[in-house]
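S.K.: give me a model of this one.
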Amino acid sequence: MRDGIRLDTNVFRPLAGGRYPTILLRTPYGKGTELPPGYSSFLNHGYAVVLQDVRGRYDSQGVFDALNREGPDGYDTINWIAGQPWSDGNVGMIGGSYLGIAQWRVAVLNNPHLKAIFPVVAGSDDYFDRFYSPGGAAKLGHRLLWFSENMNVPGTPKAKFDDYVSHLPLRTSDRAATHQSLSAFQTILAHPTYDSFWKEMSIRDKLDRVRIPVFLVGGWYDNYVEGDLEAFAALRKLSGKNDGRHRILIGPWPHNMSTPFPRVSYGDDSSSPIRAYQIEWFDHWLKGRPEDQTRFSLEGWHQTRSEVDGAPVQIFVMGANRWRDEQEWPLARTRYMSLYLASQGRANTLNGDGTLESKAQKTVEPDQFTYDARKPVPTMGGAVCCDPKIFAWGPMDQRAVEKRGDVLVYTSAPLKHDLEVTGPVRVVLYASTSAPDTDFTAKLVDVFPSGEARNLTDGILRLRYRDGLEKAELAQPGEIYPLTIDAGVTSNVFLAGHSIRVEISSSNFPRFDRNPNTGGPLADETVLKQARQTIYHSHVYPSHIVLPVIPAPEQHAMRR
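M.R.: Next up is the predicted model:
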């Protein structure tokens, strides 16, 4: 590297001599000594493959620094590859999760030898994807689990997940998880707002610097899917709608797309031949002449000079269980539909009187519940990461959660016709609290005729960030605030006979850290208090969910 540090690197080449384009993977998880299964297909297609332990991991020198070193080190590695006698000077990068964000960090630096990247389940922003939610709550379980699995002091026993996610104060949760204080975790805690530190780190804010083609892959139940889609949409906008350089594919997967869900299947067609797509992608951009071959068809995955672009977006629509090609994200034909929270003031639990209606009610009694930070609502699946044996992910039946008195449940009547919801989901609440700060959560659920309540997507808003993530402002207890919760993205057909459900509460733990309801700095808080929460729903305070509906050939409506 430019500072003299040496990174341990394996090089695999085709048997025949000559110069080859190169596929590069940079990993913090240990590259081993052999070519991993499945990568020989690159050799067979005329590529060299380079695997590298990132700085400070396994056999590489230096100090591990995920936030600052992957860009410069990746840049220097690509230059090294281009200077080797077996290299033709063209490099592409692949890999998922950390290996994906490592690609982004090089892509914004515009190394002339890097011709294309293929990030999988990677996201595009450290604040919004890896450490905090769009609503400002920390992704506690995800981050501490990753630290425990990868940064534990050698020779010490692995800590129990439930112990370290429940540990207070947060300031020493890294010690509880790894037996040491981690500078990365302390840095995260020091910057809970989206401040200049995060803006400088952000890939999302630097996408205008990306000059190479990007193929993104994500999963509807992956922690990073929202960031993947936002990055694609931004790249498309920056490069022009008819630019064929950027692609995205989203399937019905968690963070590891090869791991099936225990009790839910989306059919035999729900997988995707990613390796074949990668070879087609790099054949075009590393071996072809992009100035002549300006079209890359997603349909059929072949090179073409046709004047008609292949679809740049391929999504799997759950419920219908089929793949579909699209031209943009969000879908241009989306019709945003609002469903309004309604009850007679007793929406608590699955057995309450909460409903979803097409119009706001007249003045009625609001719904109330007590959020006790000592007894938070447990996470049941969803877009969490990174070991399902420890922290379960994906679609799960939510009825156990919906039995709690601190969960408000609002359910539509059974649908007369199929209703497709594809895109970003938002929930607007009019709420008050007895605390100076608290959280409000929302979850979208598909209710089957059998009663199974399958989660689709969810979100959270920390009340102190109701006016934006750049500045925290405590609440006035008892004041009614309009709140918008980013509840994530999905693509699902609510089939005829199914119902739409929205859950409202104040915790989803340990997907997100608990709000102690004190209003103080969260990193050092050890006191957990109760908060009395009130959700208003009327003509004056029309709390509702906004669903991105994709119109069917016929106008469909809910049964009244």
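S.K.: ok, residue 356 touching residue 414?
M.R.: No: contact status for residue 356 versus residue 414: not in contact, 11.7 Å apart, counting by CB atoms under 8 Å. C-beta coordinates here come from the backbone N, C-alpha and C atoms, glycine included.
S.K.: which of those two has more neighbours?
M.R.: Shown here are residue 356 and residue 414; by other CB atoms under 10 Å, residue 356 has more neighbours (21 against 16).
S.K.: quick one, what contacts the more buried one?
M.R.: 339-342, 410-412, 500-502, 545 (CB atoms under 8 Å, 6 or more residues apart in numbering).
S.K.: swap the cut-off to 6 Å and go again
M.R.: 339, 410, 412, 500 (CB atoms under 6 Å, 6 or more residues apart in numbering).
S.K.: can I get the residues you listed in JSON lines with pLDDT and secondary structure?
M.R.: Below are these laid out as JSON lines (pLDDT from 0 to 100; DSSP: H, G, I helix; E, B strand; the rest coil):
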{"residue": "339", "pLDDT": "98", "secondary structure": "strand"}
{"residue": "410", "pLDDT": "98", "secondary structure": "strand"}
{"residue": "412", "pLDDT": "98", "secondary structure": "coil"}
{"residue": "500", "pLDDT": "98", "secondary structure": "strand"}
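S.K.: most neighbours, which of those residues?
M.R.: residue 410 (28 neighbours).
S.K.: pretty sure that one is touching residue 502, no?
M.R.: Yes: using CB atoms under 6 Å, residue 410 is in contact with residue 502, at 4.7 Å.
S.K.: gap between the closest residue to residue 199 other than its chain neighbours and residue 391?
M.R.: In this structure, residue 199 finds its nearest non-sequential neighbour in residue 205, 5.9 Å apart by CB to CB, 6 or more residues apart in numbering. Distance check for residue 205 against residue 391: by CB to CB, to the nearest Å, it reads 29 Å.
S.K.: which of these two has more residues huddled nearby?
M.R.: It is residue 391, of residue 205 and residue 391, that has more neighbours when counted by other CB under 10 Å, with 19 against 15.
S.K.: so what pLDDT did that one get?
M.R.: Here the pLDDT value assigned to residue 391 is 96.
S.K.: how about it, what does it touch?
M.R.: 141, 145, 384.
S.K.: list the buried ones in stretch 357-374?
M.R.: 357, 360-361, 366-367, 369, 371-373 (16 or more other CB atoms under 10 Å).
S.K.: make that stretch 514-523, sorry
M.R.: 514-519, 522-523.
S.K.: can you tell me the SS state at the residue nearest to residue 199?
M.R.: With DSSP: H, G, I helix; E, B strand; the rest coil as the basis, the three-state label of residue 205 is helix.
S.K.: excluding chain neighbours, what is closest to residue 512?
M.R.: residue 137 (3.9 Å).
S.K.: residue 95 too?
M.R.: residue 25 (4.8 Å).
S.K.: just give me the neighbour total for that neighbour.
M.R.: With other CB under 10 Å as criterion, residue 25 counts 19.
S.K.: part of a strand, is it?
M.R.: Yes: under three-state DSSP, residue 25 falls within a strand.
S.K.: thought it was touching residue 51?
M.R.: Yes: counting by CB under 6 Å, residue 25 touches residue 51, with 5.1 Å between them.
S.K.: how about residues contacting stretch 264-273?
M.R.: 251-252, 321, 395.
S.K.: tell me the one of the residues you listed nearest residue 234?
M.R.: Nearest to residue 234 among the contacts of stretch 264-273 is residue 251, at 21.3 Å by CB to CB.
S.K.: looking at this, residue 421 is in a strand?
M.R.: Yes: counting by three-state DSSP, residue 421 is located in a strand.
S.K.: reformat the buried residues of stretch 357-374 as CSV; add secondary structure, pLDDT and distance to residue 4.
M.R.: Output for those, formatted as CSV (DSSP: H, G, I helix; E, B strand; the rest coil; pLDDT from 0 to 100; distance: CB to CB, whole Å):
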residue, secondary structure, pLDDT, distance to residue 4
357, strand, 97, 67
360, coil, 92, 66
361, coil, 89, 69
366, coil, 97, 64
367, strand, 98, 63
369, strand, 98, 59
371, strand, 98, 53
372, strand, 98, 54
373, coil, 98, 49
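S.K.: of those, closest to residue 16?
M.R.: residue 373 (63.9 Å).
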